[in-house]
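1. Give the three-dimensional model of this entry:
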Amino acid sequence: MIKGKKAGKSLKEIGKRWYDFDFVLERTIYCYLCCSREKKRKIRKMDEKLKFESYQQWKKYIWDKYEGFDKDKLYEFSRYLNQRIRNIRPNREYWSIVATVLLTLAITKIVDVYLNSQINFKDIPAIVVVLLLPVLVVLSLVIIMIQTFYPMFDTNIDENLLKDYKEIIDEIVKAKIEE
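-> As a prediction, the model looks like this:
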């Protein structure tokens, strides 16, 4: 018996196959709408009809796309989106723990190397010690922080997309129930 991803049963595949939800495309559309960072190549490839300037335009696009689904399928889609949201949270918690540990280790190591170095500062011009060394230390810290925290910020847009999408799908379900 083939299980999991080998059977084509990843959440992304289920979204595409059952609910016509291409996460990569929808994320690109959402990033464009929110003026969030997205690769320019992806934005250029995107159809002009999908470059929405307002939330209402985007909401109408989703409404038109899913209005033809029956309420049971929409309810299942809402549950699917809920599961995708749940899967993002542990990832963020993991990265916040890892980021704290890595940042602490990096700062400790940099300070340790700086304080315990065997460099004779009398042989180095004063301007290098006063200006260049602190700049290099700060630059190293900034690079480490960006690389460490980037995965946490990247999931934020994913979670917001899924929450907004779920909200609209729930509105469609509510409208179908009231009919």
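
2. Distance check, residue 65 against residue 41.
-> 24 Å (Cβ to Cβ, to the nearest Å). No exception for glycine: its C-beta is placed from N, CA and C like everyone else's.

3. How about residue 81?
-> To residue 41, residue 81 is 27 Å away according to Cβ to Cβ.

4. How is residue 27 assigned, secondary-structure-wise?
-> Classification of residue 27 by DSSP: H, G, I helix; E, B strand; the rest coil places it in helix.

5. begin at 24 from here
-> Sure, I'll start numbering at 24, so the last one becomes residue 50.

6. If we ignore the residues flanking it in sequence, what's nearest it?
-> residue 184 (5.8 Å; Cβ to Cβ, 6 or more residues apart in numbering).

7. correct me, but the one you found touches residue 56?
-> No: the pair residue 184 / residue 56 is not scored as a contact, 9.5 Å apart, by Cβ atoms under 8 Å.

8. Pick out whichever of the two has more residues nearby.
-> Between residue 184 and residue 56, counted using other Cβ atoms under 10 Å, residue 184 has the larger neighbour count: 22 against 19.

9. and the more buried one, what helix or strand is that in?
-> Using DSSP states H and E, residue 184 falls within helix 156-201.

10. For this protein, which residues score under the pLDDT cut-off?
-> 24-31, 61, 112-119, 133, 136-138, 140-157, 170-178 (pLDDT under 70).

11. which stretches of it form helices?
-> Along the chain, counting by DSSP state H, helices occupy 34-42, 46-57, 63-68, 78-89, 94-138, 149-150, 156-201.

12. Going by neighbour count, list what's buried in the first one.
-> Going back to what we said before, that points to helix 34-42. For helix 34-42, burial by neighbour count (16 or more other Cβ atoms under 10 Å) applies to 38, 39, 42.

13. Once you drop chain neighbours, what's closest to the first one?
-> What that stands for is residue 38. Excluding the flanking residues, the one nearest residue 38 by Cβ to Cβ, 6+ apart is residue 44, at 3.9 Å.

14. and what of the second one?
-> For residue 39, the nearest residue in space outside its immediate sequence neighbours is residue 45; the separation is 5.6 Å by Cβ to Cβ, 6+ apart.

15. close enough to count as contact, residue 182 and residue 108?
-> Yes: the criterion here is Cβ under 8 Å, and residue 182 meets it with residue 108 at 6.1 Å.

16. Might one say that residue 130 is in contact with residue 164?
-> Yes: counting by Cβ under 8 Å, residue 130 touches residue 164, with 6.8 Å between them.
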